[in-house]
Structures are given as structure tokens and as C-alpha cells.
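# Sequence and predicted structure below; questions after.
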Amino acid sequence: MRIAVTSQNFKTITGHAGKTRRFLVYETDETGTYREIDRLDLPKELSVHEHHGEDHPLFALGLQALITQGAGKGFVQRMAQHGIIVHVTSESDPLIAMNKISTGQPLAVALPHEHEQIGITMTEAAAMRVKTFLTKRGKGVGLRLGVRTSGCSGLAYVLEFVDAPREADQIFEDQGVKIFVYPKSMVYLDGTELDYAKEGLTEGFKFNNPNVKNSCGCGESFHT
């Protein structure tokens, strides 16, 4: 039996299955033993929400089940068409969930839909750049991502190093880097992937933000 787990950070079970691009893939045998056999790290255009073809990589894995912290009816129905049963749970530990599934135990009840959150991730290139900056700086525990009112499209991104977290911070970790976000900013940033790229003579951080409806030509401000 093969089971996929939605995991934007490759550590915990995350929600918003339709927009998820990272999956842990496990295989179980008749004794209930399970092992991780693969990881999917898909580009934005291959999230189930974005890709509507029948050739999605998930469908080629021979899956019988998928575990997530949140999924819409459309996602559940689409998986069912390919023989994949979706298990929605509040459990965050993939190994605990796999143990329960493989031994026939029920999973923890799912949280209400409005509590789902994708979180913040970053590419390997972005993580390497942040680590380099922190090393040169000589101090810091991670990077803060936020928004402020500015620019011709209404909002602008804010990046700054963090020496000590604030009490209300939401903390995400990806590629070995901690990302701190103030709760009020999450409505604009949830699901964002931070990247670092060179384009011609310029280079810098890029924000792959699924919440953006339009952005300024300058690339520094956006509207949701």
C-alpha cells in the first residue's frame, strides 16, 4: 500500500492539499511495517489546484491513500477518481499518522477548515543565501517575512534578520532556516515560497505568493 502525505516542510503534515507541492511518500506491507520511499517537490504549476491534466505526478505513484490536514471537496473527488482515499486529520506527525493507518487505527479528527494553514517555505537557493548573510552578520536566529502598506499596488514585502523572536510570532522552518511571521501578515503571505534568483544583471529574493492577484511592474508591491 502506498500513501502520500502533504508536507510543505518535509517534516510535518500540512493542509491545503490542493495547493501543496511537497509530498512524503510511504509504502506499507502486510505486517504493518512502513518506510519512506520518495519525496515530491513540485513546481507551482504542478500543484493539483493549478494542474488539471490526468498526468499529475501523484497519479503515477500507484497511491491508495493520501493524508493531509485539510482538503476541499474538489480535491477529495479528484483523488477518488484515481482510486486514492483522502484522510483529513489534525495529526501533525507523519510517522504517527502512518503507524495508525498501517495498523488500522483511526486518525485524529480534522480541525475546522478555517484553521488550515499552508505556511511559508523557501527554495534551496534562498536558504543558502540567508545562511550566508547570517554567517557574515555574525548573529541572528532566522529571517522575518512581513508586509507593509506601500507602493503603487498597496502592499510591499519586508525582509529582516531576527535576533530574538517576538512572543506572537509564527515560526516556520524550511531548508534549515527559521522564518518568523507576525500573525497579521499571514493572511497575505500564507503559502508563499521565498526564492533567490539571478535575472540578467540583477539578483535578489523573489516571492512566489499564491495570494497575489496583481502586482506592480516594479516588482516591489502587490495586491491580494
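Thanks, I have the structure now.
# What sits closest to Arg191 if chain neighbours are left out?
In this structure residue 191 is Gly, not Arg. Ile118 (4.0 Å; Cβ to Cβ, 6 or more residues apart in numbering). Any C-beta I mention is one placed from the backbone N, CA and C, and that applies to glycine too.
# Also Gly204?
That would be Tyr196: by Cβ to Cβ, 6+ apart, it lies 7.0 Å from Gly204.
# Show me what the helix or strand containing that neighbour is packed against.
Using DSSP states H and E, Tyr196 falls within strand 193-199. For strand 193-199, the contact count by 3 or more Cβ pairs under 8 Å, 6 or more residues apart in numbering; DSSP states H and E identifies strand 121-122, helix 124-137, strand 202-208 as packing neighbours.
# coming back round to it: for the residue nearest to Gly204, give its distance to Thr123.
In this view, Tyr196 and Thr123 are 7 Å apart by Cβ to Cβ, to the nearest Å.
# now Ala110
In terms of Cβ to Cβ, Ala110 sits 29 Å off from Thr123.
# Please apply the same query to Val48.
Counting by Cβ to Cβ - Val48 and Thr123 are separated by 20 Å.
# all helices for this structure, in order.
Applying DSSP state H to the chain gives helices spanning 73-80, 94-102, 124-137, 186-189.
# Tabulate the ones you listed in a markdown table, adding columns for distance to Val162 and mean pLDDT.
A markdown table is the format used below for the helices of the chain (distance: least, Cβ to Cβ, whole Å; pLDDT from 0 to 100):
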| stretch | distance to Val162 | mean pLDDT |
| --- | --- | --- |
| helix 73-80 | 34 | 89 |
| helix 94-102 | 28 | 90 |
| helix 124-137 | 10 | 91 |
| helix 186-189 | 15 | 82 |
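# Could you list everything the nearest residue to His87 once chain neighbours are set aside pairs with in the sheet?
Nearest-residue entry for His87: Ile67, 4.9 Å, with adjacent residues in sequence omitted and distances by Cβ to Cβ, 6+ apart. Bridge pairing for Ile67 (DSSP bridges) gives the partners Val5, His87.
# Ile67: neighbouring residues, count only.
27 (other Cβ atoms under 10 Å).
# I figured it hits Ala4, correct?
Yes - the criterion here is Cβ atoms under 8 Å, and Ile67 meets it with Ala4 at 7.4 Å.
# circling back: which ones are touching the residue nearest to Gly191?
Neighbouring residues of Ile118 by Cβ atoms under 8 Å, 6 or more residues apart in numbering: 8, 14-16, 19-20, 190-191.
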